[in-house]
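Asks: Turn this into a structure:
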Amino acid sequence: MNLPQRIVLILGFLAILGMALFPPWVYVYDYPGCCSGRIHAQRSERPGSYHLIFGQHIPQDSTGLVALFNIDTTGPKAPLIPAPDRLEFFSLRIDGGRLTVQLVGTLLLTAILYFALRSNRS
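Replies: The predicted structure is shown next:
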């Protein structure tokens, strides 16, 4: 293994380590809504940003989340249904699909560069 190959492997390892420590997150809105007098669940997801895996993953700001999900808080509400902008209906989870694409892409790029930089010895 030559020096350029070692550099490619080290950079690939550091990139994968960074992806594992700062994965992509997705905001989830799960509300037991009301429509025509019947209760039905509303669930939607919005891509979030990258956060440290060991940090706190509980949404704290309902104002920003209400704007992100375009939630109408002024409409008529059934008396038994809780307000749709309460923090208990919001959560964060790791975006597994986006993380998988990033990891596979990094592994492929690292492997291609590793084999492209091998020296031709006779």
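
Asks: Going by C-alpha atoms from here, please, whenever you check contacts or count neighbours.
Replies: Fine.

Asks: List the residues that contact the residue nearest to Phe90 when sequence neighbours are not counted.
Replies: With sequence-adjacent residues excluded and distances taken as Cα to Cα, 6 or more residues apart in numbering, Phe90 is closest to Tyr29, at 4.7 Å. Shown in contact with Tyr29 (Cα atoms under 8 Å, 6 or more residues apart in numbering): Gln42, Arg43, Ser44, Glu45, Phe69, Phe89, Phe90, Ser91.

Asks: what about Tyr29, which SS state?
Replies: Following DSSP: H, G, I helix; E, B strand; the rest coil, the label given to Tyr29 is strand.

Asks: bridging residues for it?
Replies: Tyr29 has these beta-bridge partners by DSSP bridges: Ser44, Phe90.

Asks: what's Pro59 sitting at in phi/psi?
Replies: The phi/psi pair for Pro59 (degrees, to the nearest 10) reads phi -60, psi 140.

Asks: I'd guessed it sits against Val66; true?
Replies: No. Contact criterion Cα atoms under 8 Å: Pro59 and Val66 do not qualify, at 11.4 Å.

Asks: how near is the residue nearest to Phe90 to Gln5?
Replies: 45 Å (Cα to Cα, to the nearest Å).

Asks: pLDDT weak spots in the protein?
Replies: Applying pLDDT under 70 to the chain picks out residues 33-41, 72-86, 120-122.

Asks: mind running it again at 80?
Replies: Within the chain, the segments meeting pLDDT under 80 span 30-43, 55-90, 120-122.

Asks: all strands of it, in order?
Replies: Using DSSP state E, the strands assigned to the chain run over residues 24-35, 38-50, 90-94.

Asks: Out of these, which gets nearest to Tyr114?
Replies: Closest of the strands of the chain to Tyr114 is strand 24-35, at 26.6 Å (criterion: Cα to Cα).

Asks: now the angle from the closest one to strand 90-94?
Replies: Orientation of strand 24-35 against strand 90-94 (axes from the mean of the first three to the mean of the last three Cα atoms, to 10 degrees) gives an angle of 150 degrees.
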